[in-house]
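Asker: fold the following.
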Amino acid sequence: MDLMSKNTEIQLAHVRSILDTITDPEIPALTINEMGILRGVEIEADTVVVTITPTYSGCPAIDQITDDITAALAKHDYLSARVALVLSPAWTTDWMSDEAKEKLRQYGIAPPCKTSLLDDSQEDPDVTVIVACPNCCSFNTQLVSHFGSTACKSFWQCTDCLEPFDYFKPI
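Answerer: Numbering: from 1, shown residues only. Have a look, this model is predicted:
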(Lines give C-alpha, C1' and ligand atoms only; values in the text may rest on other atoms or scores of the structure.)
Protein backbone atom coordinates (compact mmCIF):
# COMPACT_ATOMS: atom_id res chain seq x y z
CA MET A 1 0.00 0.00 0.00
CA ASP A 2 1.48 3.33 -1.04
CA LEU A 3 1.54 6.39 1.19
CA MET A 4 -1.30 8.09 -0.72
CA SER A 5 -3.60 5.10 -0.23
CA LYS A 6 -2.71 4.88 3.44
CA ASN A 7 -3.46 8.59 3.97
CA THR A 8 -6.78 8.21 2.14
CA GLU A 9 -7.68 5.22 4.33
CA ILE A 10 -6.85 7.22 7.46
CA GLN A 11 -8.95 10.15 6.20
CA LEU A 12 -11.87 7.85 5.38
CA ALA A 13 -11.72 6.32 8.86
CA HIS A 14 -11.70 9.81 10.37
CA VAL A 15 -14.66 10.92 8.24
CA ARG A 16 -16.59 7.76 9.20
CA SER A 17 -15.93 8.44 12.89
CA ILE A 18 -17.36 11.95 12.43
CA LEU A 19 -20.40 10.59 10.61
CA ASP A 20 -20.95 8.05 13.40
CA THR A 21 -21.88 10.98 15.67
CA ILE A 22 -24.73 12.21 13.46
CA THR A 23 -28.13 11.09 14.68
CA ASP A 24 -31.40 10.78 12.85
CA PRO A 25 -33.30 14.01 13.64
CA GLU A 26 -36.57 12.10 14.09
CA ILE A 27 -35.02 9.31 16.17
CA PRO A 28 -32.03 10.80 18.03
CA ALA A 29 -31.32 7.47 19.73
CA LEU A 30 -29.89 6.17 16.43
CA THR A 31 -27.13 7.43 14.18
CA ILE A 32 -27.56 7.64 10.44
CA ASN A 33 -25.15 4.72 10.17
CA GLU A 34 -27.19 2.58 12.59
CA MET A 35 -30.34 3.45 10.65
CA GLY A 36 -28.72 2.21 7.44
CA ILE A 37 -29.08 5.64 5.83
CA LEU A 38 -25.31 6.10 5.42
CA ARG A 39 -24.37 4.16 2.29
CA GLY A 40 -20.83 5.21 1.53
CA VAL A 41 -17.95 7.64 1.94
CA GLU A 42 -15.36 8.53 -0.67
CA ILE A 43 -12.72 11.16 -1.12
CA GLU A 44 -12.59 12.58 -4.63
CA ALA A 45 -9.66 14.96 -5.01
CA ASP A 46 -10.21 17.32 -2.03
CA THR A 47 -13.93 16.66 -1.66
CA VAL A 48 -15.56 14.27 0.78
CA VAL A 49 -18.55 12.60 -0.89
CA VAL A 50 -21.07 11.07 1.51
CA THR A 51 -23.74 8.86 -0.02
CA ILE A 52 -27.02 8.46 1.83
CA THR A 53 -30.37 6.82 1.11
CA PRO A 54 -33.43 8.34 2.77
CA THR A 55 -35.78 6.05 4.63
CA TYR A 56 -38.34 6.92 1.99
CA SER A 57 -38.31 9.34 -0.95
CA GLY A 58 -40.47 11.93 0.82
CA CYS A 59 -38.61 11.85 4.12
CA PRO A 60 -38.77 15.37 5.58
CA ALA A 61 -35.64 14.80 7.67
CA ILE A 62 -33.31 14.34 4.70
CA ASP A 63 -32.51 18.07 4.39
CA GLN A 64 -31.64 18.23 8.09
CA ILE A 65 -29.47 15.11 7.78
CA THR A 66 -27.66 16.65 4.79
CA ASP A 67 -27.07 19.88 6.73
CA ASP A 68 -25.87 17.93 9.78
CA ILE A 69 -23.38 15.98 7.65
CA THR A 70 -21.87 19.05 6.00
CA ALA A 71 -21.76 20.98 9.31
CA ALA A 72 -20.06 18.11 11.18
CA LEU A 73 -17.48 17.68 8.43
CA ALA A 74 -16.83 21.45 8.26
CA LYS A 75 -16.33 21.51 12.04
CA HIS A 76 -13.47 19.05 11.49
CA ASP A 77 -11.98 21.08 8.60
CA TYR A 78 -13.50 19.05 5.77
CA LEU A 79 -14.71 22.20 4.06
CA SER A 80 -15.36 20.64 0.68
CA ALA A 81 -18.10 18.06 1.15
CA ARG A 82 -20.95 16.85 -1.00
CA VAL A 83 -23.89 14.69 0.05
CA ALA A 84 -25.21 12.43 -2.70
CA LEU A 85 -28.72 11.00 -2.43
CA VAL A 86 -29.17 7.51 -3.82
CA LEU A 87 -32.73 6.22 -4.11
CA SER A 88 -31.98 2.82 -5.60
CA PRO A 89 -31.93 0.35 -4.10
CA ALA A 90 -34.61 1.77 -1.86
CA TRP A 91 -33.89 1.84 1.86
CA THR A 92 -35.33 -1.01 3.89
CA THR A 93 -35.67 -1.57 7.60
CA ASP A 94 -33.73 -4.78 7.03
CA TRP A 95 -30.62 -2.55 6.81
CA MET A 96 -30.99 -1.71 10.49
CA SER A 97 -28.82 -3.86 12.73
CA ASP A 98 -30.24 -5.87 15.61
CA GLU A 99 -28.39 -3.48 17.93
CA ALA A 100 -30.13 -0.51 16.30
CA LYS A 101 -33.51 -2.20 16.69
CA GLU A 102 -32.78 -2.80 20.38
CA LYS A 103 -31.85 0.88 20.79
CA LEU A 104 -35.19 1.77 19.18
CA ARG A 105 -37.01 -0.43 21.70
CA GLN A 106 -35.12 1.14 24.61
CA TYR A 107 -36.05 4.57 23.23
CA GLY A 108 -39.73 3.55 23.39
CA ILE A 109 -40.39 2.71 19.74
CA ALA A 110 -41.29 -0.85 18.79
CA PRO A 111 -38.68 -1.94 16.24
CA PRO A 112 -39.67 -3.19 12.79
CA CYS A 113 -39.96 -6.85 12.00
CA LYS A 114 -38.24 -8.35 8.97
CA THR A 115 -39.99 -7.13 5.84
CA SER A 116 -39.83 -10.58 4.32
CA LEU A 117 -41.90 -12.00 7.19
CA LEU A 118 -44.44 -9.34 8.07
CA ASP A 119 -46.51 -6.60 6.53
CA ASP A 120 -47.80 -3.67 8.56
CA SER A 121 -50.28 -2.48 5.94
CA GLN A 122 -53.22 -4.23 7.63
CA GLU A 123 -54.99 -4.04 4.25
CA ASP A 124 -55.30 -7.81 4.10
CA PRO A 125 -57.64 -8.97 6.87
CA ASP A 126 -55.91 -12.38 6.83
CA VAL A 127 -52.60 -10.80 7.84
CA THR A 128 -52.19 -10.18 11.55
CA VAL A 129 -49.27 -8.13 12.76
CA ILE A 130 -48.24 -8.75 16.34
CA VAL A 131 -46.19 -5.95 17.83
CA ALA A 132 -44.57 -6.17 21.23
CA CYS A 133 -44.91 -3.19 23.53
CA PRO A 134 -41.46 -1.57 23.87
CA ASN A 135 -42.26 -0.64 27.49
CA CYS A 136 -43.44 -3.92 29.05
CA CYS A 137 -42.78 -6.41 26.18
CA SER A 138 -46.41 -7.56 26.15
CA PHE A 139 -47.86 -8.83 22.88
CA ASN A 140 -51.34 -7.65 23.97
CA THR A 141 -51.21 -4.59 21.75
CA GLN A 142 -53.53 -3.00 19.24
CA LEU A 143 -53.17 -0.74 16.24
CA VAL A 144 -54.64 2.70 16.89
CA SER A 145 -53.63 4.45 13.66
CA HIS A 146 -51.61 3.53 10.57
CA PHE A 147 -49.70 6.79 11.07
CA GLY A 148 -47.77 7.71 14.18
CA SER A 149 -45.52 10.65 14.97
CA THR A 150 -43.98 10.32 11.50
CA ALA A 151 -45.15 8.60 8.33
CA CYS A 152 -42.67 5.76 8.84
CA LYS A 153 -44.32 4.79 12.12
CA SER A 154 -47.76 3.56 13.10
CA PHE A 155 -49.42 4.31 16.43
CA TRP A 156 -50.21 1.45 18.83
CA GLN A 157 -51.34 0.95 22.40
CA CYS A 158 -50.53 -1.79 24.87
CA THR A 159 -53.63 -3.28 26.47
CA ASP A 160 -51.61 -4.49 29.48
CA CYS A 161 -49.65 -1.42 30.58
CA LEU A 162 -51.98 0.95 28.64
CA GLU A 163 -49.02 2.90 27.25
CA PRO A 164 -49.27 4.28 23.71
CA PHE A 165 -46.24 3.78 21.48
CA ASP A 166 -44.98 4.09 17.94
CA TYR A 167 -44.10 1.06 15.85
CA PHE A 168 -41.47 1.59 13.18
CA LYS A 169 -43.12 0.16 10.08
CA PRO A 170 -41.18 -2.49 8.20
CA ILE A 171 -40.32 -1.22 4.75
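Asker: C-alpha from now on. contacts and neighbour counts both.
Answerer: Will do.
Asker: list the buried residues for stretch 51-65?
Answerer: T51, I52, T53, P54, T55, I62, I65 (16 or more other C-alpha atoms under 10 Å).
Asker: just checking, the last one touches P25?
Answerer: Same thing as I65. Yes. With contact defined as C-alpha atoms under 8 Å, I65 reaches P25; the gap is 7.1 Å.
Asker: hmm, back to that, from the buried residues of stretch 51-65, which shows the smallest pLDDT?
Answerer: Ranked by pLDDT, the buried residues of stretch 51-65 bottom out at T55 (89).
Asker: check contacts around that residue.
Answerer: By C-alpha atoms under 8 Å, 6 or more residues apart in numbering, T55 lies in contact with I37, A90, W91, T92.
Asker: are any of those residues buried, and if so which?
Answerer: Buried, going by 16+ other C-alpha under 10 Å: I37, W91, T92, out of the contacts of T55.
Asker: check contacts around the nearest residue to the last one once chain neighbours are set aside.
Answerer: For T92, ignoring the flanking residues on the chain, the nearest one in space by C-alpha to C-alpha, 6 or more residues apart in numbering is I171 at 5.1 Å. Neighbouring residues of I171 by C-alpha under 8 Å, 6+ apart: W91, T92, T93, D94, T115.
Asker: can I get the buried ones among the contacts of T55 in CSV including pLDDT and distance to W156?
Answerer: Listed next are the buried ones among the contacts of T55 as CSV, based on pLDDT from 0 to 100; distance: C-alpha to C-alpha, whole Å:
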residue, pLDDT, distance to W156
I37, 95, 25
W91, 93, 24
T92, 92, 21
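Asker: pull up the pairing partners for the helix or strand where P28 lies, direction included.
Answerer: Assigned by DSSP states H and E, P28 belongs to strand 27-31. When pairing is defined by DSSP bridges, strand 27-31 lines up against strand 23-24 (antiparallel).
Asker: can you give the domain ranges for this structure?
Answerer: Per the record, the chain has its domains at 3-91, 96-168, by automatic domain parsing.
Asker: mean pLDDT lowest where, among these?
Answerer: When I compare the domains of the chain, domain 96-168 is least confident, with a mean of 84.
Asker: can you give me the end-to-end span of it?
Answerer: Using C-alpha to C-alpha, to the nearest Å, one end of domain 96-168 lies 11 Å from the other.
Asker: pick the most buried one from the domains of the chain.
Answerer: Of those, the one with the most neighbours on average (mean count of other C-alpha atoms under 10 Å) is domain 96-168, at a mean of 17.
Asker: re the thing from before, ok, then the element right after the strand holding P28?
Answerer: Following strand 27-31 in sequence, per DSSP H and E, is helix 32-35.
Asker: packing partners of that next one?
Answerer: Using 3 or more C-alpha pairs under 8 Å, 6 or more residues apart in numbering; DSSP states H and E as the contact test, the elements touching helix 32-35 are strand 23-24.
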